[in-house]
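Participant: the following block contains a protein sequence and its predicted model.
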Amino acid sequence: MRSTFFIMAVLGTLAASGSAAVNAQSIGVSATTVPGQAPIGHLQPRAQQFAPGSPAEQTVQDKMSSFDAQQQKADEELDQRLNICRGC
């Protein structure tokens with residue numbers, strides 16, 4: 001009885017790993033690639049894309065700063081509403 005369960009478990013594992021391999025191959029085939037290069041949409045970052053003082057970077061930082069300030073204010077308001085101390 002135990003050997004039957006063992007054999008079924010082994011066969012189930014082999015079937016699952018076989019179907020996973022087929023799925024992995026089909027995913028790899030469907031990716032659009034250019035010979036000798038990365039798949040389309042997967043680009044290596046360039047140094048020009050990381051300009052710390054650029055206007056675009058400053059805009060992103062300003063948006064993040066304003067969002068952080070809004071979140072800080074919302075957190076403080078929540079902390080005040082959650083305060084259940086009656087000053088006893």
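Facilitator: Good, I have the coordinates.

Participant: use CA for all of it now, contacts and neighbours both
Facilitator: OK.

Participant: residue boundaries of the helices in this structure?
Facilitator: 2-30, 55-82 (DSSP state H).

Participant: weakest of those by average pLDDT?
Facilitator: Ranked by mean pLDDT, the helices of the chain end with helix 2-30 in last place, scoring a mean of 65.

Participant: returning to that earlier point: can you lay out the helices of the chain as JSON lines showing distance to C88 and mean neighbour count?
Facilitator: Putting these into JSON lines (distance: least, C-alpha to C-alpha, whole Å; neighbours: other C-alpha atoms under 10 Å) gives the following:
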{"stretch": "helix 2-30", "distance to C88": "63", "mean neighbour count": "11"}
{"stretch": "helix 55-82", "distance to C88": "17", "mean neighbour count": "11"}
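
Participant: need those helices in JSON lines with distance to R46, can you?
Facilitator: Shown next, in JSON lines, are the helices of the chain (distance: least, C-alpha to C-alpha, whole Å):
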{"stretch": "helix 2-30", "distance to R46": "26"}
{"stretch": "helix 55-82", "distance to R46": "15"}
